[in-house]
Every structure is written in structure tokens, then in C-alpha cells.
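Novice: Dropping the sequence and predicted coords here.
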Amino acid sequence: MAPASSPRAREDAASGSGVSGLLTAVASGDRAAFERLYDETAPRVHGLVLRVLADPAQAEEVTQEVFLEIWRTAPRFEAARGSAFGWLLTIAHRRAVDRVRSSAAARTRDVTYERQASAGPYDSTAETVTALLDAEQVRGALARLTDHQREAVEMAYFGGRTHTEIAETLGIPLGTAKSRIRDGLRRLRDHIGGER
């Protein structure tokens, strides 16, 4: 009866029996070991990356980045901390997730830029025309007031005078000045509100 093997030994056997040894050789700069490591692990690494990204073109790019990182960081692998193949898949998963986040951030930037670009420049001409039309509408409504109402409203809102000053200037009681302004404003509101 054959002895039971450890999960790590079974994983190494399933992935080519020696990923750890190949990775150790890659750490010392062995290019042939790197080629064998690539041949034995690339299909599964690429499969994981493709599942995360769901985009074949990006998955190919990220798989290349993963193996470049493996080549550069192989000396950091510590067999005591886990399986070699698990280490490779961790790098692959991290790179794929980073690409997903980067793509999402790029889409957000593109959408924001598009919104800002399509908002169009500020149109001062339209605002000027609107202001002129509003002023014309106010002048037309003022013309519909009685002479006393128009005089009191113009003194208050165009002349900047207080109710007391208007009453003194016109020689009328303060209550009468207030009534003329209030009645004039009501008629203005009715005329302007009715025209809109």
C-alpha cells in the first residue's frame, strides 16, 4: 500500500511534479527552468486570469505581466510558507484584480471627461437675451400700474429708498406709501406671472 501524500505533493504532482524546484532554479536566473515553468503552469495561470477579467485580450496581457513578475520576484518565494503553484496563482489573481480596478477607474475617468466635455461652453449671449427679455417684461408690467403705484415701486426698487423716505418725498402718510408699493408689487406679479 502506497503512503498517502501531502496536499502540496499532490498539487506539485498534478502541475508537473516540481514547480517548487523549477521556481528555485528560476530564482537563480535559470532561463531553461523558466521556460519549463511557463510551459507547465501558463494554462492554469491564464485560465484564472481569464475567469477574473472575462476579456481574452486583457487576460493575455496580464498573464504576460504575471510571468514577468514571477521572473523578477522568484527569489522571494519561500517554500515553508506555501506551495509554489499557490504562490504563482496568488500573483496571477492579484494582477487580474488590479487590472479590473484599473479598468473601472479608467471608465469612470472617461465618463467624467465626457460629461464635462459635452456640457458645452457657457453661453453668455443666451443669458443676456434672457435678461433683456425679462427687463422688457418688467417694463411692460410697470406701464400697467397706476402712476402712484409705479412711482412708489420705482423709488423703492430702482431708487433704493425706504418706505419712510418715499412717504416724505411724496408728502404722503407712511401707511399710504406702503400700500402703494404693496399693491404695485401685487399687480406686477399678476402681470408678469400671467405672461410666463
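Specialist: Ah, there it is. Numbering: from 1, shown residues only.
Novice: Grab the most central residue of this protein for me.
Specialist: Centroid check for the chain by C-alpha atoms, centre = their mean gives Thr108 as the closest residue, at 4.4 Å.
Novice: Go through the strand or helix carrying it and flag the buried ones.
Specialist: Assigned by DSSP states H and E, Thr108 belongs to helix 84-118. Neighbour counts over helix 84-118 (16 or more other C-beta atoms under 10 Å) mark Ala84, Phe85, Trp87, Leu88, Leu89, Ile91, Ala92, His93, Arg95, Ala96, Arg99, Val100 as buried. For glycine as for every other residue, the C-beta is placed from the backbone atoms N, C-alpha and C.
Novice: Specify the next element, helix or strand, located C-terminal of that helix.
Specialist: Following helix 84-118 toward the C-terminus (DSSP H and E): helix 124-143.
Novice: Next, the buried residues of that next one.
Specialist: Ala141, Leu142.
Novice: Which strands and helices lie in contact with that helix?
Specialist: Contact analysis of helix 124-143 by 3 or more C-beta pairs under 8 Å, 6 or more residues apart in numbering; DSSP states H and E lists helix 147-157, helix 174-195 as its packing neighbours.
Novice: do you know which of those lies nearest Asp39?
Specialist: helix 174-195 (81.6 Å; C-beta to C-beta).
Novice: Which positions within the closest one qualify as buried?
Specialist: Ala177, Lys178, Arg180, Ile181, Asp183, Gly184, Leu185, Arg187, Leu188, His191.
Novice: need these in TSV with distance to Leu23, can you?
Specialist: Shown next, in TSV, are the buried residues of helix 174-195 (distance: C-beta to C-beta, whole Å):
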residue	distance to Leu23
Ala177	95
Lys178	92
Arg180	95
Ile181	90
Asp183	93
Gly184	91
Leu185	86
Arg187	90
Leu188	86
His191	87
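Novice: quick one: which of those is nearest Glu136?
Specialist: The closest of these, once distances to Glu136 are taken by C-beta to C-beta, is His191, at 12.5 Å.
Novice: Tell me how far the residue lying closest to that closest one once chain neighbours are set aside lies from Arg187.
Specialist: Once flanking residues are discounted, His191 sits nearest to Ala141: 3.9 Å by C-beta to C-beta, 6 or more residues apart in numbering. Using C-beta to C-beta, to the nearest Å, one gets 8 Å for the distance from Ala141 to Arg187.
Novice: And for Ser20?
Specialist: 93 Å.
Novice: ditto for Ser28
Specialist: Noted for Ser28: a distance of 96 Å to Arg187, by C-beta to C-beta.
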